[in-house]
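Enquirer: Provided below are the primary sequence and the corresponding predicted coordinates.
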Amino acid sequence: MRKINLTGWLISMMLITITCTSSKVSFEEIQNKIYSNNFTFVAKNFENNTSYTVPAGTGRMTQTNLPAQPDETIGIQVTHDKLIINLPSTDQETTINKYSLNTTSEDFTVARKDLDNGNILINFFLNDVKDLNLIKMEVEKNGKIDCSLEGPNQKPLLYTGYLKM
């Protein structure tokens, strides 16, 4: 009886190890996805979206109001012929899930550059959205993305997230 339980345990551990190993995404797959111009940036954190509270007797604490579990509709979807942007720009928007940066660009130029540290820098120059004119993304080897949105009448909005595979 003990032999069967040990065998079952070993088989389950092998399956878990195989599953965890095969779920890793290689840098080549990330690079291919980025250069195919068909990917999705999922926003996890909005860096400008912080509020500060000072509980009695403690220091300053930072918190973000983006959902704890990433909502895959919050971010930027890139296809060959359009950018679909759905992002918050203030604290109040993230608490009611209504995002003011909800637009689509069909007239844009893409510039990509492989950086010395192995990351990929992507610049999207938007020609048909009056409030936004530049989206910058730096994609790390592990799929983490730092993103900023800039416009003629606003300060840069900073987001972090990941590449949806």
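Expert: Everything's here; your move. Just so we're clear, the structure is a prediction, and the values are computed from it rather than from any experiment.
Enquirer: Can you point out the buried residues in the longest strand belonging to the chain?
Expert: Taking DSSP state E as the criterion, the chain has its longest strand at strand 154-164. Across strand 154-164, burial judged by 16 or more other CB atoms under 10 Å covers 157, 159-163. Where you see a C-beta, it was placed from the backbone N, CA and C, and this is true even at glycine.
Enquirer: would you turn those residues into CSV with pLDDT?
Expert: Below are these laid out as CSV (pLDDT from 0 to 100):
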residue, pLDDT
Leu157, 90
Tyr159, 92
Thr160, 93
Gly161, 93
Tyr162, 94
Leu163, 95
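Enquirer: hang on, the earlier thing: run me through the strand neighbours of the longest strand of the chain, direction for each.
Expert: strand 39-46 (antiparallel), strand 144-151 (antiparallel) (DSSP bridges).
Enquirer: of all the buried residues of strand 154-164, which comes closest to His80?
Expert: Proximity of the buried residues of strand 154-164 to His80 (CB to CB) peaks at Leu163, which lies at 16.9 Å.
Enquirer: for that closest one, which residues make a bridge with it?
Expert: Phe41.
Enquirer: Report the separation between it and Leu132.
Expert: Distance of Leu163 to Leu132, computed by CB to CB, to the nearest Å: 21 Å.
Enquirer: for the chain, what spans make up the strands?
Expert: 39-46, 50-53, 61-64, 75-78, 83-87, 101-105, 108-114, 120-126, 134-139, 144-151, 154-164.
Enquirer: Pick the most buried one from the ones you listed.
Expert: strand 75-78 (a mean of 22; mean count of other CB atoms under 10 Å).
Enquirer: what helices or strands is it leaning on?
Expert: Helices and strands touching strand 75-78, as assessed by 3 or more CB pairs under 8 Å, 6 or more residues apart in numbering; DSSP states H and E, comprise strand 39-46, strand 83-87, strand 154-164.
Enquirer: go with 7 Å
Expert: If contacts are counted by 3 or more CB pairs under 7 Å, 6 or more residues apart in numbering; DSSP states H and E, strand 75-78 sits against strand 39-46, strand 83-87.
Enquirer: Any chance of JSON lines for the ones you listed, columns distance to Thr103?
Expert: Shown next, in JSON lines, are these (distance: least, CB to CB, whole Å):
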{"stretch": "strand 39-46", "distance to Thr103": "15"}
{"stretch": "strand 83-87", "distance to Thr103": "5"}
